[in-house]
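Q: Let's see this in three dimensions:
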Amino acid sequence: MRIPEGKKIYFSSDNHLGAPTNEASRPREKKFVAWLDDVKKDAAAIFLLGDLFDFWFEYGTVVPKGFVRTLGKLAEISDSGIPIYFFVGNHDLWMNGYFEKELNIPVFHKPKEFTFNDKTFYIAHGDGLGPYDKGYKRMKKVFTNPVFKFLFKWVHPDIGMRVAQYLSVKNKLISGDDDAKYLGEDNEWLIQYSKSQLQEQHRDFFLYGHRHLPMDLDLGQNSKYVNLGDWITYFTYGVFDGKDFELKTYK
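A: Numbering: from 1, shown residues only. Take a look at the predicted model:
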């Protein structure tokens, strides 16, 4: 993708809309919608790196109630011709065609590489990457198993959503617990994963969400590791103008 003069690529992650309740997250949602309104003025594309919702499950004819401000704004931007790309996170991994059909937004379930103005970007939400977190990987295999999804969809949405939201809010990443603290380069799994990927193939940028902590670190070999932070505590996002990448805070 060539970025036209005066245009930029924007990156955002981890809004967790609906946590701890729809009402409590609404001010954050309005702030995110205001950001979308601002960036659409010069956006060549917008990338959302997962956990936009704290829980999302698509039934055959039903999607979760709420978030109309966000969905409406995404539809408006997509309809205007600005491409939007979505990477599922561990909280909204049960997407099954709604974004593609209703909003014309491609949805990715695995890491994907993009090239902007000769700069290569390795992009993913970040959950389950690398050799660690085996417990989560086992759990994810269960959650993404077609049999499990088939059985869950037969649970009435009022019950299924209530149980899932309760369990989701218990996640420490929402409460801002120790998981949102820098653990040191050797203990940051996504940094170690990026370094292993860098040994196989050069990328200029490795971009992730998931950790809820804004990070922009040099990996060597003219490569950088970037974590976009979140829209709970930091309200940070990434911008690439065709030459330089920058993490910014939305005020």
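Q: Could I get the full set of helices for the chain?
A: 22-39, 68-79, 98, 134-143, 146-152, 157-169, 172-175, 189-200 (DSSP state H).
Q: who wins for proximity to Asp92 among those?
A: helix 157-169 (9.9 Å; C-beta to C-beta). All C-beta spots, glycine's among them, are computed from the backbone N, C-alpha and C.
Q: Kindly format the C-alpha coordinates of that closest one as PDB.
A: The C-alpha trace of helix 157-169 is given here as PDB (Å, rounded to 0.1, in the frame of the first residue of the first chain):
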ATOM      1  CA  PRO A 157     -28.200 -14.900  24.500                       C
ATOM      2  CA  ASP A 158     -29.400 -13.300  27.700                       C
ATOM      3  CA  ILE A 159     -27.800 -16.100  29.700                       C
ATOM      4  CA  GLY A 160     -24.700 -16.700  27.500                       C
ATOM      5  CA  MET A 161     -23.900 -12.900  27.400                       C
ATOM      6  CA  ARG A 162     -24.400 -12.500  31.100                       C
ATOM      7  CA  VAL A 163     -22.000 -15.400  32.000                       C
ATOM      8  CA  ALA A 164     -19.400 -14.400  29.400                       C
ATOM      9  CA  GLN A 165     -19.400 -10.800  30.500                       C
ATOM     10  CA  TYR A 166     -19.000 -11.700  34.100                       C
ATOM     11  CA  LEU A 167     -16.000 -14.000  33.300                       C
ATOM     12  CA  SER A 168     -14.500 -11.400  31.000                       C
ATOM     13  CA  VAL A 169     -14.600  -8.600  33.500                       C
END
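Q: JSON lines for the helices of the chain, including mean pLDDT and distance to Lys119?
A: Converted to JSON lines, those look like this (pLDDT from 0 to 100; distance: least, C-beta to C-beta, whole Å):
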{"stretch": "helix 22-39", "mean pLDDT": "96", "distance to Lys119": "19"}
{"stretch": "helix 68-79", "mean pLDDT": "98", "distance to Lys119": "23"}
{"stretch": "helix 98", "mean pLDDT": "96", "distance to Lys119": "31"}
{"stretch": "helix 134-143", "mean pLDDT": "73", "distance to Lys119": "30"}
{"stretch": "helix 146-152", "mean pLDDT": "81", "distance to Lys119": "37"}
{"stretch": "helix 157-169", "mean pLDDT": "76", "distance to Lys119": "35"}
{"stretch": "helix 172-175", "mean pLDDT": "44", "distance to Lys119": "29"}
{"stretch": "helix 189-200", "mean pLDDT": "95", "distance to Lys119": "15"}
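Q: Please convert these to TSV, extending it with distance to Glu58 and mean neighbour count.
A: Shown next, in TSV, are the helices of the chain (distance: least, C-beta to C-beta, whole Å; neighbours: other C-beta atoms under 10 Å):
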stretch	distance to Glu58	mean neighbour count
helix 22-39	18	16
helix 68-79	13	16
helix 98	5	16
helix 134-143	14	11
helix 146-152	10	11
helix 157-169	11	14
helix 172-175	22	17
helix 189-200	27	17
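Q: Out of these, which is closest to Asp118?
A: Judged by C-beta to C-beta, the one of the helices of the chain that comes nearest to Asp118 is helix 189-200, at 17.5 Å.
Q: elements contacting that closest one?
A: strand 205-208, strand 214-220, strand 223-228 (3 or more C-beta pairs under 8 Å, 6 or more residues apart in numbering; DSSP states H and E).
Q: So for Ala180, what's the pLDDT?
A: Note on Ala180: pLDDT of 76.
Q: Give the burial count for it, as a bare number.
A: Counted with other C-beta atoms under 10 Å, residues neighbouring Ala180 total 18.
Q: got the contact list for it?
A: By C-beta atoms under 8 Å, 6 or more residues apart in numbering, the contact set of Ala180 is 173, 211-213, 233.
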